[in-house]
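Sequence and predicted model, in that order:
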Amino acid sequence: MFKTADMQGNGIAVITINRLSRVEFTKGRRNRLFISPQTMYNEPVDDCYRLIEMKGEDITMNRMISFILAAALMFSTTALAEGIDYMVLVNKQHQLPEGWEDALEIIKVKNSVGEEVEAEKKTYEAYLALAEALEREDGIHIELDSGRRSVAEQQRIWDNYIVKYGEEYTRKTVAVPGYSEHQTGLAIDLYFITADGTTVYYNEDLTKEEYFGVWDKIHEKLAKHGFILRYLKGKEAITGYDYEPWHLRYIDDPAVAQEIMEKGVTLEEYLGQLP
C-alpha cells in the first residue's frame, strides 16, 4: 500500500511518493509519518519519485511536514496534465476533482435493451475482457446497465427525485451532484442475461437468492481485470450505500485490486480515508 522510504545509513531519510498518492517518511524506527493527499496523477505501477533527501541535523519533524505538504501540492496541481488517477476517491465526503470531466476519454455504447452507456476508455476495455472471460468460462452473459454520468445528468436525477420523493429520501438514495462515483467514468453497474435468455435487469431481481451464485462467479474474476466490488455487505457506514453486487469500480491495477478484494475492505479503508 505504501512505498516505504529507503534508509541509506544513519541520519539519512528519503521521502518518496508513489502512484497510489501515498507519502511515507521514516526516520529511524520511532518517528514515522504518513500523509495521504487526494492527488491527481497517474504513473506506471513500479515508478516512484524520490522527492527529497536530507541529512543529519536537517531532519526534523516540522521540516518533514513542510516538505511533504509541498510535494503533495506539487503533484495535485500538475495532475490533469498527466492523466487521471484511477485510484481517485469520490464519495459523499470527497468531490469529483476539478477538471476531471475534461481529462476523460469516453466510450459510448448501447446495451442489450437499447440504452446508451458511457464509460472511461480503459474501464470499458477491461469490462469487455471481463465479459468475454465470464461468457467463455462460466456461461454468464453480462451487460452494462449504467456507467459514467455527467455532473449535469446527476443534477437532473437529483432534481427529479427531490420533486418525486422529497429531500430526505433523495439524500439517502442519490448522490449529491459532484459526489457520485459514476461521474468518474470508472464505475459501472451490471445486469445479466441467463442461459435461457431471461434478462435480469432490475435491482429487486438482481438481488434474488437464486442469483447469488452468478454474482459469486462474477466477483471472483473482478480483480484479474482491475475491478473491485465497490459497495460491500456490512460496510454501509463507511461507503454510505447499501450492498450492491452489480456496482464495480475500475482501478487499473490487478495486483492492488486483488489485495483489496482478498482483504474484504472498501476503497475508503484501503486509502485511509474513512468518513
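Arrived safely.

quick one: the helices in the stretch 101-250 of the chain?
With DSSP state H, counting those that start in this stretch, the ranges of helices along the stretch 101-250 of the chain come out as 121-138, 151-165, 167-173, 203-206, 212-220, 236-239.

Take the ones you listed and write them to JSON lines, including mean neighbour count, mean pLDDT and distance to Asp102.
Where C-beta positions appear, they are placed from N, C-alpha and C, glycine not excepted. Converted to JSON lines, the helices of the stretch 101-250 of the chain look like this (neighbours: other CB atoms under 10 Å; pLDDT from 0 to 100; distance: least, CB to CB, whole Å):
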{"stretch": "helix 121-138", "mean neighbour count": "17", "mean pLDDT": "97", "distance to Asp102": "15"}
{"stretch": "helix 151-165", "mean neighbour count": "14", "mean pLDDT": "91", "distance to Asp102": "12"}
{"stretch": "helix 167-173", "mean neighbour count": "12", "mean pLDDT": "83", "distance to Asp102": "28"}
{"stretch": "helix 203-206", "mean neighbour count": "13", "mean pLDDT": "92", "distance to Asp102": "32"}
{"stretch": "helix 212-220", "mean neighbour count": "14", "mean pLDDT": "97", "distance to Asp102": "32"}
{"stretch": "helix 236-239", "mean neighbour count": "15", "mean pLDDT": "94", "distance to Asp102": "27"}
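
can you list those in a markdown table and add distance to Gln93?
Putting the helices of the stretch 101-250 of the chain into a markdown table (distance: least, CB to CB, whole Å) gives the following:
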| stretch | distance to Gln93 |
| --- | --- |
| helix 121-138 | 23 |
| helix 151-165 | 16 |
| helix 167-173 | 14 |
| helix 203-206 | 25 |
| helix 212-220 | 26 |
| helix 236-239 | 11 |
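
What's the separation between Lys235 and His182?
19 Å (CB to CB, to the nearest Å).

out of the two, which sits in the more crowded spot?
Per other CB atoms under 10 Å, whichever of Lys235 and His182 has more neighbours is His182, with 23 against 18.

returning to what we had before: nearest to Ala255, of the helices of the stretch 101-250 of the chain?
helix 121-138 (14.1 Å; CB to CB).

how far out from the middle of the chain is the closest one?
How far helix 121-138 lies from its chain's middle: 18 Å, per CA atoms, centre = their mean, to the nearest Å.

Gly226 reaches Ile251, doesn't it?
Yes. Using CB atoms under 8 Å, Gly226 makes contact with Ile251 at a distance of 6.0 Å.

Which neighbours do these two have in common?
Residues within reach of Gly226 and of Ile251 at once, by CB atoms under 8 Å, 6 or more residues apart in numbering, are Ala257.

picking that back up, who wins for proximity to Glu105 among the helices of the stretch 101-250 of the chain?
Distance to Glu105, taken as CB to CB, is lowest for helix 121-138 among the helices of the stretch 101-250 of the chain, at 4.3 Å.

Show me what that closest one is packed against.
strand 106-110, strand 141-146, helix 212-220, strand 247-250 (3 or more CB pairs under 8 Å, 6 or more residues apart in numbering; DSSP states H and E).

could you redo the last one with a cut-off of 7 Å?
With contacts taken as 3 or more CB pairs under 7 Å, 6 or more residues apart in numbering; DSSP states H and E, helix 121-138 sits against strand 141-146.

so what does the strand it packs on touch, helix or strand wise?
helix 121-138, strand 187-193.

ok, 10 Å please
Here strand 141-146 touches strand 106-110, strand 116-120, helix 121-138, strand 187-193, strand 199-200, strand 247-250, going by 3 or more CB pairs under 10 Å, 6 or more residues apart in numbering; DSSP states H and E.
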